[in-house]
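Asker: sequence? don't have it. structure:
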Ligand SMILES: Nc1ncnc2c1ncn2[C@@H]1O[C@H](COP(=O)(O)OP(=O)(O)O)[C@@H](O)[C@H]1O
Ligand SMILES: [Mg+2]
């Protein structure tokens, strides 16, 4: 089983993801350069957080044209797994690999803090080890995490159970007080309809070691790893 | 001939300096040469007024120290920890967002230039009163700028300081610090050596940014109608991020002989200092420098302070390999010259030699020691008599009033705008005391803090500076770290005014004496003079940035109460003193000394005790008593966690003293602890062995912040309310 | 020939514009009570060197569609002028 | 009466525009070799309710000076139209 972490110019959580996968999870992990086309046999590709191209036009707007994105698109069609975290999520949206868009945060500035998330769907390879409705603690750090999509599309998303994480309070309260950025219906992470592409604003790689104060993010990586183990790579 | 003297004067060179230049060159200098001397000998770059005093600073300490061109550090285990503080005061006052942003960019490149990977930034900020519209604009812009740059570049901003005072109206202070880590054998140097080696320019193109003093040159000597005004530097964190990765990758090849960032005085500074450090010469062809604007003159190119640029000296024959790395990261990488054996900096533009200067002369600016005089205000402000001061009748009211002082409220609104977690090393997050970073793969960790109280330094620059060192050291010990080294940023008014210069020299002596006493080397620093305007000067601010080592990073503690039932203890003496306190300022509208008593010996004993207590795992939280006194230290311990906790404290043991002094006095040498019941006697014994006074204050618990004096309740306020107020002052 | 495309990108109707709201509030605080709404957007000036005005128009439209605007949330308009 | 001010804010000449450079590079990579330069700016639409066009103009200019543009690095231009 192999994971790949993509490096775009301006990625800055690439090493953090690499460290968690290779050292904490002890998984074979390779670097993928944005100009590469070869995904080197990865079972899961991680698009890390950061500021690809400085986020100078729109978050993720320029990175989406990197050569590797064409390979990733194909990989997705073939049933490969993709995890986009923060800027990675933004790139997935710009690429159309996930639906919707991210607007600037409601309060107009960057926000870095721990948030509570409710796991809304545990029937995905990324979340199978969480219990339904479990409340987890994972930090966010972004300027544009305000999830938006037209109403009809959102209904569709809900119907398909594609909303995977929602911001909530420590006891699972899903109200506006615990919405850190103004996201529609507190959406923090969504998946593709086949649950093989997951995009989320919170940073699981920052919550994967006891010394950093939370290990809830580790469960996400572990979920996917166990799924891949049980399904031998799982590509169909 | 007369013309060139006039340019020289307008660029800020003194008459005798001009004469010296003529002597050095043995001829009349060219405009480019004048421009180069003027920037290289400026206060900004050459430190003519301050340099000689640095000899007072200790260079050795508990751990081996390192001194580089732009940054210094200490060695621990097999790593070098490099750190440095910089000011960006003037640019931030003019254009807050970009000024602060480029300040962060600059200090990161200082660290990068030593070959270290930048792992954390700090911002120590001072502004005019928050009620002032302009001060608020500057404050918000600065925070935005640090967030804009620091977040994008992927170096976490994990701590800092924030202080508001009328003395900084019109002259804000933006001091930024960066810490980096490198393998100790793989540090880079700012040298150019080896005749025939290549000088490589990398990073952003050169524009007319920040050509400050040169505007005069532009308007009178070279301008033919067209506008060549200097422009504000704009930060480009994306390019900086790529520059970090590419530079570290280039250094890892082993083919880079030397590297230096182009910061203050741009190409002039990097070329001449690299040549001087390598005892070699450098020849640059300006026609090969990537330019952003058309028609730039040689002096403009030499003085430009365009950001995100570095100069490399590369082994001959390896230049293409190195260029390829920078190109891969999308950066400019042009061969602009070569190393010579001439000992001179030779500049060629449009086929002509426009400057030819001995490198060692250019980099050896004159030294000045202007007259200094003890300011007259000192006697006046140091004559506080407590007898005449009325005691508060309502302590709750006092607490609530002080709570809304922007100097005592929560800094959450600021640090949540900074990505303080990227790189996943931040073990103690901002807002809880000193910041603690792990080092991946190591058991040990790094603790960092910045400190300086401007009012203390105004009332007594010598002791104020000593107290800043002591406070920083105690901040670090209070998380379990052994203080290891210092960087400083000395912010003062005009050094040519005798009272300002006196303040400066006193502060330097204070830092030197305290750090020598504690065994702390001063490995790097920065001086910012002329922080004044026609309405007045700033308070003296010798900011201390301190780095410490914590042997087992898992043992690190912060200053926040963790659990109901824990015992709250005070280490150190309570005295009847209020000098310099925020209480006097906010409640009595008084800024008065003498400063509280303070003993280096007591500080040292306390530091040692804390390191032992924490490494033994005997305490749950620890924080030093500083601004706001005992009461605000308690309050922060209650409120700074995710869920606030109440506390029940009884101050009866000190009821023979003035209660306001007990609660709000800022006497140094005190630390607040919380402990588990079972460790109580152990801690008491250890404190006694070290001769540190030890007293039980009360217990963590309840919903209220409850302070009693015997049976009399002084303060009883619900912590949830307090937290909300405390966190909403800045937003 | 050189042509200059001036492009304005704004949020579509119905897309929440937090910056606009923030600025509107700030203007009210500053005493501009007459302001009833603020929308924010982006402006780009793209200089191209092509043979004809039509070509310039066509290419700039392509750039907008492909890169400069995100059709999920934004719409754009532009004008092309000759030279600088 | 309602009036709508359309304001464009750009960086002054000589002020470095890293966004413009990055977008220009991206356009080149996407095959728009004809692009010779990109400048970025901001766009605002401010709706005001005042008595006259002149007053709308005057107030919008004041808003630009005071808040919408940063005179240290930016310059602005605007047009005012009648209502929507
Ligand atoms: N400008 C700032 N940027 C980031 N963090 C800050 C800033 N100002 C203060 N902080 C953080 O808030 C906390 C309280 O600051 P301060 O009261 O100065 O600390 P201390 O009492 O430990 O010296 C510290 O953890 C500090 O790092
Ligand atoms: Mg402090």
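Answerer: Yep, it's here. All of these numbers come straight from a predicted model, not from anything done at the bench. Ligands and ions are numbered 1, 2, ... in the order given.

Asker: alpha carbons only for contacts and neighbour counts from here, please
Answerer: Will do.

Asker: where do the helices sit along chain A?
Answerer: According to DSSP state H, chain A carries its helices in the segments A:14-19, A:67-77, A:87-95, A:151-159, A:216-230.

Asker: nearest to chain B, of those?
Answerer: helix A:14-19 (5.8 Å; Cα to the nearest Cα).

Asker: packing partners of the closest one?
Answerer: Packed against helix A:14-19 by the contact rule (3 or more Cα pairs under 8 Å, 6 or more residues apart in numbering or on different chains; DSSP states H and E) you find strand A:2-7, strand A:28-33.

Asker: contacting residues for the one residue in chain A that gets nearest to chain C?
Answerer: Using Cα to the nearest Cα, the single residue of chain A nearest to chain C is residue A:106, 5.3 Å away. Going by Cα atoms under 8 Å, 6 or more residues apart in numbering or on different chains, residue A:106 touches A:146, A:181, A:182, C:18, C:19.

Asker: of the residues you listed, which belong to strands?
Answerer: Counted as lying in strands by DSSP state E, out of the contacts of residue A:106, are residue A:146.

Asker: also within reach of chain D: list those from the contacts of residue A:106.
Answerer: Subset of those in contact with chain D: empty, counting by Cα under 8 Å from any Cα of the partner chain.

Asker: can you list the contacts of residue A:106 in CSV and add pLDDT, distance to residue D:26 and neighbour count?
Answerer: Output for these, formatted as CSV (pLDDT from 0 to 100; distance: Cα to Cα, whole Å; neighbours: other Cα atoms under 10 Å in any protein chain shown):
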residue, pLDDT, distance to residue D:26, neighbour count
A:146, 96, 25, 24
A:181, 97, 29, 27
A:182, 95, 30, 23
C:18, 87, 27, 20
C:19, 90, 26, 20
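
Asker: quick one on the thing from earlier: closest to residue B:244 out of the helices of chain A?
Answerer: helix A:14-19 (13.8 Å; Cα to Cα).

Asker: what sits up against the closest one?
Answerer: With Cα under 8 Å, 6+ apart as the criterion, helix A:14-19 contacts A:5-7, A:29-31, A:46-50, A:205-206, B:422-424.

Asker: what is the burial count for the residue nearest to residue B:322 when sequence neighbours are not counted?
Answerer: Excluding the flanking residues, the one nearest residue B:322 by Cα to Cα, 6 or more residues apart in numbering or on different chains is residue B:250, at 5.9 Å. Burial of residue B:250 is recorded as 21 neighbouring residues (other Cα atoms under 10 Å in any protein chain shown).

Asker: and the helix or strand hosting residue B:250, what's buried?
Answerer: Assigned by DSSP states H and E, residue B:250 belongs to helix B:237-252. By 16 or more other Cα atoms under 10 Å in any protein chain shown, the buried positions in helix B:237-252 come out as B:237-248, B:250-251.

Asker: looking at those, which is nearest ligand 1?
Answerer: Distance to ligand 1, by Cα to the nearest ligand atom, is smallest for residue B:237 among the buried residues of helix B:237-252, at 18.6 Å.

Asker: would you agree that closest one is in contact with residue B:147?
Answerer: No: at 10.6 Å, residue B:237 does not count as touching residue B:147 under the criterion of Cα atoms under 8 Å.

Asker: out of the contacts of helix A:14-19, which are buried?
Answerer: Buried, going by 16+ other Cα under 10 Å: A:5-7, A:29-31, A:46-50, A:205-206, B:422-424, out of these.

Asker: now residue A:132: phi and psi?
Answerer: Main-chain torsions, residue A:132, degrees, to the nearest 10: phi -50, psi 130.

Asker: find the nearest non-adjacent residue to it, please.
Answerer: residue A:122 (5.7 Å).

Asker: against chain C, how distant is the nearest residue to residue B:551 once chain neighbours are set aside?
Answerer: Setting aside the residues directly before and after it, residue B:551 is nearest to residue B:444 in space (Cα to Cα, 6+ apart), at 4.5 Å. Distance of residue B:444 to chain C, computed by Cα to the nearest Cα, to the nearest Å: 44 Å.

Asker: count of neighbours near residue B:439?
Answerer: For residue B:439, using other Cα under 10 Å, the count is 17.

Asker: ok, now which ones touch it?
Answerer: Neighbours of residue B:439 in contact, by Cα under 8 Å, 6+ apart: B:425, B:445, B:446.

Asker: flag the shaky bits of the stretch 1-150 of chain B, pLDDT-wise.
Answerer: B:1 (pLDDT under 70).

Asker: again, 90 this time
Answerer: Low-confidence segments of the stretch 1-150 of chain B (pLDDT under 90): B:1-3, B:7, B:9-12, B:42-49, B:51, B:68-70.

Asker: ligand 1 contacts on that one?
Answerer: B:123, B:124, B:125 (Cα under 6 Å from any ligand atom).

Asker: pLDDT wise, what is the residue of chain A closest to chain C at?
Answerer: Per-residue confidence (pLDDT) for residue A:106: 92.

Asker: I'd assumed residue B:549 was in contact with the residue nearest to residue B:551.
Answerer: Yes: taking contacts as Cα under 8 Å, residue B:444 lies within contact range of residue B:549: 7.1 Å.

Asker: now the lowest-mean-pLDDT helix or strand in chain C: buried residues?
Answerer: Every helix and strand of chain C was ranked by mean pLDDT, DSSP states H and E. The lowest is helix C:18-29, at a mean of 92. By neighbour count on 16+ other Cα under 10 Å, the buried set for helix C:18-29 is C:18, C:19, C:20, C:21, C:23, C:24, C:25, C:27.
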